[in-house]
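>>> Give the three-dimensional model of this entry:
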Amino acid sequence: MQDIELRKLGKHITKLRKERKLTISALCYKNGLEPSTISRIEKGLVEPKYLTLLNIAKAFNLTLAEFLNF
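Sure thing, here's the model as predicted:
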């Protein structure tokens, strides 16, 4: 992914998390990721793997297609 796309994805995750009033820790509890991982994804610093995206989508009760539709 390009840097611009990574930042867009990170902003999207942050927006969804805040809309649902979740902290990074609460989101991590729902999907088993480390808070530092979510933080780096939200900042657009890392390119998440497919399974990571799938787990984040599930934590938001969204399908992967719904989650990536931004």
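>>> neighbours of the residue nearest to Phe60 when sequence neighbours are not counted, just the number please.
Closest residue to Phe60 apart from its sequence neighbours, by Cβ to Cβ, 6 or more residues apart in numbering: Leu16 at 5.4 Å. C-beta here means a position set from N, CA and C on the backbone, and glycine is covered the same way. Counted by other Cβ atoms under 10 Å, the residues lying close to Leu16 total 18.
>>> which other helices and strands contact the one helix or strand Leu16 maps to?
Using DSSP states H and E, Leu16 sits within helix 3-19. With contacts taken as 3 or more Cβ pairs under 8 Å, 6 or more residues apart in numbering; DSSP states H and E, helix 3-19 sits against helix 35-42.
>>> After the helix it packs on, which helix or strand is next? Please name it.
helix 50-59.
>>> Before we move on, what's the pLDDT of the most centrally placed residue in the chain?
Centroid check for the chain by Cα atoms, centre = their mean gives Ile13 as the closest residue, at 4.2 Å. We have a pLDDT of 97 for Ile13.
>>> quick revisit: and the angle from the helix holding Leu16 to helix 50-59?
30 degrees (axes from the mean of the first three to the mean of the last three Cα atoms, to 10 degrees).
>>> tell me which residues of the next helix or strand after helix 3-19 are tucked away?
The element immediately downstream of helix 3-19 (helix or strand, assigned by DSSP H and E) is helix 24-31. For helix 24-31, burial by neighbour count (16 or more other Cβ atoms under 10 Å) applies to 24, 27-28, 30-31.
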